[in-house]
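J.: Following is a predicted model, sequence given first.
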Amino acid sequence: MNTHPNPAPQFCPECSEHVTPSAALGRRDFMRVMTGGAMGMMGGTALLSPTTVRAANETARAAKPAEGLVRELFSTLTPEQKSAVVLPWAHGADSGVATRLKTHNAAPLGKKIGEQFTKPQQDLIQQTFKAILSGDEAYDRISRRGKWDNSGAFENNGIAIFGDPSGKDPFSWVFAGHHLTLRCDGNSQPNTAFGGPMYYGHSANGHSDVNVYNDQTKEVMSVFDMLNEPQRKQAVIVGSPGDGVGALKPKLVDKPATGVGYGDLDESQRTLVAGVMRKLLSPFRQEDGDEVMQLIKTNGGMEKLRLAFYKDNAEKGNDRWDAWRIEGPGFVWNYRVLPHVHCFVNVVAQA
């Protein structure tokens with residue numbers, strides 16, 4: 001299904017925009033504020049050199065969480081820009097899925113960053129994007145070594161803002177491009193990690209070292225290698241867990257005959273699965289990772305998670321998985337390995 005009015009060229013037929021289900025309700029509310037030291041420096045910028053002013057600006061922005069940067073960007077938007085990239089918080093909800101909770105495979109509203117924002121605004125957008133990640137290595141990975149997959153450049157991605165970030169009203173900032181949808185929302189979307197469903201991928205073969213997410217595949221493979229034969233028999237599923245909307249539908253929860261349960265693993269295997277979870281969460285800022293773990297706990301704990309390995313046929317060797325999936329109540333991490341990586345994630349409090 002492709003709902004985008006002006007989709008970018010894709011590498012493969014299935015790389016179309018995906019609509020994701022809405023998240024559950026009831027999330028804790030917090031908002032971090034900027035520290036004052038750098039702003040004190042900013043107050044006397046007329047007496048400082050341009051180099052010092054630039055350094056002060058960067059220091060001030062580094063002290064802000066992503067949500068603070070979204071507010072700063074919002075305050076600079078012209079009426080024309082707002083009409084192009086800002087939508088109401090509840091936009092699309094009447095049709096069943098709020099637009100802010102969709103995942104995209106191109107600029108979310110059809111306009112690229114480089115086409116509608118000034119250079120200072122583009123800098124703010126890039127700072128915001130970096131602020132929802134854990135550091136430079138994560139940025140390098142998520143940007144696919146700066147190549148941005150078929151988007152080709154940072155400026156060819158796009159953003160959308162839902163709601164009004166300037167006050168206390170709910171809002172969501174969505175960044176999207178080819179094989180990528182991430183967001184931040186100041187915890188406006190209740191009981192939902194990452195502000196809603198997340199999508200990331202890479203056009204390289206998921207088993208290849210060229211793929212930037214290959215280490216995730218290797219981590220999960222190491223779990224399979226530690227499974228005993230009865231566990232492997234339960235863990236392997238012939239078929240596909242789906243892609244896009246299909247990937248986010250329950251497949252393993254409350255089905256003890258499919259997938260291997262975390263609660264059925266021995267201590268060393270559980271330790272390895274915990275390591276996989278750390279690897280999956282490592283590219284993202286700590287507060288988002290912490291919220292994922294808190295929601296898992298709220299939904300019954302790690303013991304409720306199940307892990308499955310998918311092949312499109314039973315004869316395929318164990319080193320050539322088509323997909324793997326970790327699922328629990330309110331939790332889906334669906335990672336398609338072949339023909340290239342598509343990963344769909346949704347973590348919410350179980351209703």
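T.: Perfect, I can see it now. Residues are numbered from 1 along each chain as shown.

J.: So what sits opposite the spatially most central residue of the chain in the bridge?
T.: By CA atoms, centre = their mean, the chain has its centre lying nearest to residue 198, at 3.5 Å. Taking DSSP bridges as the rule, residue 198 bridges to residue 345.

J.: secondary structure element for residue 278?
T.: helix 267-281 (DSSP states H and E).

J.: so what's residue 79 up against?
T.: By CB atoms under 8 Å, 6 or more residues apart in numbering, residue 79 lies in contact with nothing. (Each C-beta comes from the backbone N, C-alpha and C, glycine too.)

J.: What distance do you get for it to residue 178?
T.: Residue 79 is 30 Å from residue 178, where distance means CB to CB, to the nearest Å.

J.: any chance you could map the strands in the stretch 151-300 of the chain?
T.: 158-163, 171-177, 180-184, 198-202, 236-238, 260-261 (DSSP state E, counting those that start in this stretch).

J.: quick one: residue 307 is in a strand?
T.: Yes. Under DSSP: H, G, I helix; E, B strand; the rest coil, residue 307 sits within a strand.

J.: what about the nearest residue to residue 323 once chain neighbours are set aside, helix or strand, and which?
T.: Using CB to CB, 6 or more residues apart in numbering and skipping residues adjacent in sequence, the residue nearest residue 323 is residue 310, 4.1 Å away. Assigned by DSSP H and E, residue 310 belongs to strand 306-311.

J.: Return the distance of the very next helix or strand once past that strand from the chain's centre.
T.: On the C-terminal side of strand 306-311, the closest following helix or strand by DSSP H and E is strand 323-328. Centre-to-centre, strand 323-328 and its host chain are 16 Å apart (CA atoms, centre = their mean, to the nearest Å).

J.: mean confidence score for strand 323-328?
T.: Averaged over strand 323-328, pLDDT sits at 96.

J.: again with stretch 286-299
T.: Taken as a whole, stretch 286-299 has an average pLDDT of 96.

J.: list the buried ones in it?
T.: 287, 288, 289, 291, 292, 293, 295, 296, 299 (16 or more other CB atoms under 10 Å).

J.: what's the nearest residue to the second one if we skip its chain neighbours?
T.: Spelled out, that is residue 288. Residue 288 sits nearest to residue 194 (CB to CB, 6+ apart), 5.6 Å away.

J.: measure the one you found to residue 284 for me?
T.: Taken as CB to CB, the span from residue 194 to residue 284 is 7 Å.

J.: about what we covered before: can you list the residues that contact the helix holding residue 278?
T.: 215-216, 219-220, 222-223, 226-227, 262, 265, 288-289, 292-293, 302, 305, 307, 326, 333.

J.: Drop anything exposed from these.
T.: Buried among these by 16+ other CB under 10 Å: 216, 219-220, 223, 227, 262, 265, 288-289, 292-293, 302, 305, 307, 326, 333.

J.: Comparing the strands of the stretch 151-300 of the chain by mean pLDDT, which bottoms out?
T.: Across the strands of the stretch 151-300 of the chain, strand 236-238 gives the lowest mean pLDDT, at a mean of 92.

J.: before we move on, back to that, residue 287 is in contact with the residue nearest to residue 288, correct?
T.: No. The pair residue 194 / residue 287 is not scored as a contact, 10.5 Å apart, by CB atoms under 8 Å.

J.: Would you mark the buried spots in stretch 103-115?
T.: Neighbour-count burial for stretch 103-115 [16+ other CB under 10 Å]: 103, 104, 105, 106, 107, 108, 109, 111, 112, 113.

J.: Make TSV out of those residues and add secondary structure, pLDDT and distance to residue 85.
T.: Listed next are those as TSV, based on DSSP: H, G, I helix; E, B strand; the rest coil; pLDDT from 0 to 100; distance: CB to CB, whole Å:
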residue	secondary structure	pLDDT	distance to residue 85
103	coil	95	17
104	coil	96	13
105	coil	96	18
106	coil	96	14
107	coil	96	10
108	coil	95	9
109	coil	94	6
111	coil	92	7
112	coil	97	11
113	helix	98	10
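
J.: which one of these is nearest residue 205?
T.: Comparing the buried residues of stretch 103-115 against residue 205 with CB to CB places residue 105 closest, at 18.8 Å.

J.: Show the backbone phi and psi for that closest one.
T.: Phi and psi for residue 105, reported as degrees, to the nearest 10, are phi -120, psi 20.

J.: Can you verify my assumption that it contacts residue 158?
T.: No. Here residue 105 lies out of contact with residue 158, judged by CB under 8 Å, at a distance of 11.1 Å.

J.: Find the residues that touch each one of those two.
T.: Joint contacts of residue 105 and residue 158 (CB under 8 Å, 6+ apart) are 176, 177.

J.: For burial, what's the neighbour tally of residue 252?
T.: As a burial measure, residue 252 scores 22 neighbours (other CB atoms under 10 Å).

J.: now it: how far from residue 307?
T.: For residue 252, the distance to residue 307 - CB to CB - is 8 Å.

J.: domain ranges for this structure?
T.: Residue ranges for each domain of the chain read 37-195, 214-347, as given by automatic domain parsing.

J.: burial of the nearest residue to residue 346 once chain neighbours are set aside, as a residue count?
T.: Nearest non-adjacent residue to residue 346, counting by CB to CB, 6+ apart: residue 197, 4.4 Å away. Residues lying near residue 197 (other CB under 10 Å) number 29.
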